[in-house]
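Asks: what's the 3D shape of this:
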Amino acid sequence: MIVLWPVFTTLHGPTSVYEEGYLFGMEGLFWGGMMEGPSSLLMAIGLAGSYDLLTGREGKMARIGFWLAMIGLVIPGLVDLAVLAPVPPILAPLLGVGLILLAVGNRSNPSLSRFSRLVLVWLALLQFFAFLWTALVPLDVLDQIYGYRIYGVGANVLFGLGWVMLGASLLGRDWMARTDDPPSFRAIDASMPLTHSSGDIPERWRRRMRTK
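Replies: The predicted structure follows:
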């Protein structure tokens, strides 16, 4: 998404007038479809891979948010690939609402950091911006201020960067959870009453063993 945006906007032009540029024999609209379609589907795959983390410990709000976000990613992505062109952000509000519900629904989830929740809100705000920018700003005004490039910076570049930060945050959280529970932990837990005093065990391990 981020890499192909300069290609698309250069071939298409800065206004609503399509300049019919070509790269490797393919027109700008094709590159626009490749910019948004595959990336949206990859985001959906990443979201699906984090289903347990995002919804496993939470209630209905997080699950509803997850499925709204999936719909808001998968349907536009498939349409982009079907028509080989970028489509208007009609479902952007649906995706935005889904991301907001995911953030709010996970506010008490210790597996999701505060930074991850803030990134979800940021991504949602970018989706609301994308929809409102194209829906409310008149076409002639957009052309005068190169509004489609402003739209692309928010809806494609910043949104893509936000998704990268979200993925890195989730992976980091998962890595920390794994390294915080060393392989020898169960053996220590089982043998502690016989061979270890409580003072020999780090405090963070004692707290976790008391919760088992």
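Asks: so what's the residue nearest to Val137 when sequence neighbours are not counted up against?
Replies: Here the nearest residue to Val137 in space, its sequence neighbours aside, is Gly147; by C-beta to C-beta, 6 or more residues apart in numbering that works out to 5.9 Å. All C-beta spots, glycine's among them, are computed from the backbone N, C-alpha and C. With C-beta atoms under 8 Å, 6 or more residues apart in numbering as the criterion, the residues that contact Gly147 are Trp133, Val137, Val141.
Asks: which residues sit in contact with the first one?
Replies: This points to Trp133. Contacts were defined as C-beta under 8 Å, 6+ apart; by that measure Trp133 touches Gly147, Ile150, Tyr151, Gly154.
Asks: of all those residues, which comes closest to Arg117?
Replies: Gly154 (20.3 Å; C-beta to C-beta).
Asks: that closest one touches Phe129, doesn't it?
Replies: Yes: with the criterion set as C-beta atoms under 8 Å, Gly154 and Phe129 qualify as a contacting pair; they are 5.2 Å apart.
Asks: higher neighbour count, the two?
Replies: Higher neighbour count among Gly154 and Phe129: Phe129, with 19 against 15, using other C-beta atoms under 10 Å.
Asks: quick one: pLDDT of that one?
Replies: You'll see Phe129 listed with a pLDDT of 97.
Asks: start the count at 650 instead of 1 going forward.
Replies: New numbering, starting at 650: the last item is Phe778.
Asks: which helix or strand contains it?
Replies: Following DSSP states H and E, the helix or strand that holds Phe778 is helix 763-785.
Asks: equivalent analysis for Ala693, please.
Replies: Mapping Ala693 onto the secondary structure by DSSP H and E places it in helix 677-698.
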